[in-house]
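In: Have a look; sequence and predicted model below, questions after that.
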Amino acid sequence: MENNHSDLISETTQKDHWFFLRLRSIYIIWYREILIYFRNYLKFFTSIFLPLLLLVFFGTGIEAVFPAELLEYDFIQFFFPGIIGASISVMALSSTISIVWDREFGFLREILVSPIKRADIALGKILGATSTAVFQGFFIVLFAPYLKINFSTGLFLKTMGIIFMVAYGMSALGILFVSRLKKMESFSILSQIIVAPMVFLSGAFFPIGNLPSWMAALSRYNPLTFGIDALRWITLSKTMPASKISSFSSYSFSHCLIFLIIFDMIITIISVQMFRRIK
Amino acid sequence: MTHKNIMLNSSNSLESVEENKNNEGEAIQVENLKKKYNRLTAVDGISFSVKKGEVFGFLGPNGAGKTTTINILCTLNSPTSGLAYVNGYNVIRKADEVRSSIGLVFQEITLDNHLTAEENLYLHALLYNVSWKEFIQSKREVLKLCELWDRRKSRVETFSGGMKRRLEIARALIHWPKILFLDEPTIGLDPQTRNKIWDYIFSIRKKKNLTIFLTTQYLNEAEICDRIAIIDHGKIAALDAPENLKKMIGGDIITFRCEDNDKAEEEFKKNFPQYRIKRTGKELKTEVDSGDEFLPVLVKTITPKIVSMELRRPSLEDVFLEITGRQIREKDKESEGFDLGINFGPLFNLLDNKIVATESKNSQKVKDEN
């Protein structure tokens, strides 16, 4: 640990440009998040194992219930981008819980009284949570060839880009919630009231086209729906014809992309503002 | 001194604070600091200054405003009114400068449990922009000083309470701050560890010419400060060196017990009308100018048989009692939560009763089973 970062620490002095100083602050907070993520082997392992388990067992189960003649597409292939989106969202949101943890164990105060700016702490935390989710997404994407999904290097990079955008939005959303929370217990309540419905209504587990109208309406205005749709457009683009993908998507790819960018920007501003008021 | 004079003086000192922001001699300057939470006034117009290299203690019961003051000085809380300068920087306008020039040890532990001792220090060095060379040097120094060098690769979660405290103090020193703030650093520790931590703090202070600002509710800890401020209900009740505060009480304290206390008290009042005598429990207590000379006289004059007798110099406990009219630990019993303006007392009582009820039920069950 010491040798890796020795260059970084010695080169920065008071004279550095403010922009680099702030980047450095964000890096410090991010670095600590990552350090803790890799230190917790069990969490690290389950974060990759659980989505695959769900994909294989749940996916195969559904396929067994609905025979191929009834379903016009391979359910596991449909399920694959959904499971990526759902698991990285849950991962990103639950990574932000580290703030509540830090608050409970006191470490948050150590960070808050340091000379680092609040906005940088918020951004560092968001990027830390995003990184853990992207890392998880990366491992799940590696399994694509085993599900007969055609992939290329370009497609892989594009997928990682979308994964980053979705994870970032969810992390920022998490920071927004968490900066108001005082206790661990409140987080589990929050995840049940907000996170679970968001994931279920995002079209990750089933197409939302045939849902009753009230549920479909909820799904259409769910920010995660855009992320799942975007992932589906990208990952399945070489496996299924576009007409088939659009049959179980709510939005076109360009709509999804524009929405994701705007959502990420707005949510960043709001959550940084909220984090500034933390005490 | 007339009223006008006082006014003049105070306005002068205000100006001088404004001017002497970079005054070499003063580490902390506070002028008429106030903090209000809705109806509750936590800090009520306090003024004081701390010299460089001084150990300054804030002594007071829980809820007296100690932590609020320290939080304002550390920029964690903003004052309702008043001025405060730390290392010459205004705590409101120059918060970042203040933060990087001070070291903090809070009441509660603020370490990262998942990381090792060394990693905790490393993160702190990063946060405070300490260069790598300096970090390696000071890491070794502070870890050796607080006797944690051998455990530097262990995770903090395996540490005992005293070790965590020592590591926190070590961490607060990594960036070599000019002032070290210690908010009840020894709370919840056993006496041995407490002494060790004070030894440690003082050895650092000697080496580094640190200014130390500490709050405590242990009177023997306040004794070691150069100067102490006794704070109660958000106001400074007294501020001086511990010896001077003790002198304020007057001479020595004699407590004695007789077989017939009533008669002894009567005789005392008759023979020594210049001294006050008080009854505390089974003992009689009096304050006299020079106890060693008075003691033989007292023994001769009192006719009832004396059971026990003690002569001692006044302690800070006596000072505190004199100034605030009560013992320092009394306030502990009061429930917290008054800042909401709601009295939760009855609710807690209700809960307690319930717990007691269920407990007795359980014990009943256990008995039945047996």
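Out: It's in. Numbers count the residues shown, from 1 in each chain, chains lettered A, B, ... in the order given.
In: Low-confidence regions, the chain specifically.
Out: Just so you know, I chose chain A. For chain A, the stretches flagged by pLDDT under 70 are A:1-16, A:68-70, A:279.
In: my bad, chain B
Out: In chain B, residues with pLDDT under 70: B:1-24, B:250, B:325-370.
In: Tell me the residues of the stretch 101-250 of chain B that contact chain A?
Out: Proximity of the stretch 101-250 of chain B to chain A (C-beta under 8 Å from any C-beta of the partner chain) is limited to residues B:104, B:106, B:108-115, B:119, B:122-133, B:135. For the C-beta atoms, the positions are set from N, CA and C on the backbone; glycine is no exception.
In: Which members of those occur in helices, if any?
Out: Counted as lying in helices by DSSP state H, out of these, are B:119, B:122-127, B:132-133, B:135.
In: Which members of the residues of the stretch 101-250 of chain B next to chain A are classed as buried?
Out: Buried members of these, scored by 16 or more other C-beta atoms under 10 Å in any protein chain shown, are B:104, B:106, B:109-115, B:119, B:122-130, B:132, B:135.
In: which among the ones in helices among the residues of the stretch 101-250 of chain B next to chain A gets closest to residue A:96?
Out: Among these, residue B:123 lies closest to residue A:96 (C-beta to C-beta), at 18.9 Å.
In: dump the residue contacts of the closest one.
Out: Contacts for residue B:123 (C-beta atoms under 8 Å, 6 or more residues apart in numbering or on different chains) come out as A:28, A:32, B:112, B:115.
In: Contact partners for the residue nearest the centre of chain B?
Out: Centroid-nearest residue in chain B: residue B:216, 1.8 Å away (criterion: C-alpha atoms, centre = their mean). For residue B:216, the contacting residues are B:57-59, B:184, B:186, B:222, by C-beta under 8 Å, 6+ apart.
In: in the stretch 151-279 of chain A, which spans are helices?
Out: Secondary structure of the stretch 151-279 of chain A (DSSP state H, counting those that start in this stretch): helices at A:153-178, A:184-190, A:196-200, A:213-220, A:223-235, A:242-247, A:253-276.
In: Tabulate the ones you listed (CSV), appending mean neighbour count and distance to chain B.
Out: Rendered in CSV, the data for the helices of the stretch 151-279 of chain A read as follows (neighbours: other C-beta atoms under 10 Å in any protein chain shown; distance: least, C-beta to the nearest C-beta, whole Å):
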stretch, mean neighbour count, distance to chain B
helix A:153-178, 22, 17
helix A:184-190, 14, 14
helix A:196-200, 17, 27
helix A:213-220, 14, 37
helix A:223-235, 26, 30
helix A:242-247, 14, 42
helix A:253-276, 17, 13
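In: Now tabulate these in TSV and tack on distance to residue A:92.
Out: Output for those, formatted as TSV (distance: least, C-beta to C-beta, whole Å):
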stretch	distance to residue A:92
helix A:153-178	4
helix A:184-190	14
helix A:196-200	12
helix A:213-220	20
helix A:223-235	11
helix A:242-247	24
helix A:253-276	12
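In: Run through who's touching stretch B:62-72.
Out: B:30, B:33, B:35, B:42-44, B:46, B:58, B:60, B:77-79, B:84, B:91, B:107, B:181, B:183-184, B:213, B:215, B:217, B:231-234, B:331-332, B:334, B:336.
In: mind checking how far it is from the chain centre?
Out: How far stretch B:62-72 lies from its chain's middle: 10 Å, per C-alpha atoms, centre = their mean, to the nearest Å.
In: how many neighbours does residue B:58 have?
Out: 28 (other C-beta atoms under 10 Å in any protein chain shown).
In: doesn't residue B:214 make contact with it?
Out: Yes. In terms of C-beta atoms under 8 Å, residue B:58 counts as a neighbour of residue B:214; the distance is 7.0 Å.
In: Next one: residue A:202 from residue A:273, what distance?
Out: 26 Å (C-beta to C-beta, to the nearest Å).
In: residues contacting residue A:131?
Out: Per C-beta under 8 Å, 6+ apart, neighbours of residue A:131: A:30, A:33-34, A:37.
In: let's see it at 10 Å
Out: For residue A:131, the contacting residues are A:30, A:33-34, A:37, A:92, A:95, A:164, A:167-168, A:171, by C-beta atoms under 10 Å, 6 or more residues apart in numbering or on different chains.
In: cool, and residue A:156?
Out: Residue A:156 neighbours (C-beta under 10 Å, 6+ apart): A:138, A:141-142, A:144, A:234-235.
In: try residue A:178
Out: Applying C-beta under 10 Å, 6+ apart, the residues contacting residue A:178 are A:93, A:95-101, A:103, A:125, A:129, A:186-187, A:190, A:271, A:274-275, A:278.
In: Could you measure from it over to residue A:278?
Out: 10 Å.
In: Please identify every residue contacting each of these two.
Out: A:99, A:103.
In: What's the separation between the closest residue to residue B:271 other than its chain neighbours and chain A?
Out: Closest residue to residue B:271 apart from its sequence neighbours, by C-beta to C-beta, 6 or more residues apart in numbering or on different chains: residue B:301 at 5.0 Å. Applying C-beta to the nearest C-beta, to the nearest Å, the value for residue B:301 to chain A is 60 Å.
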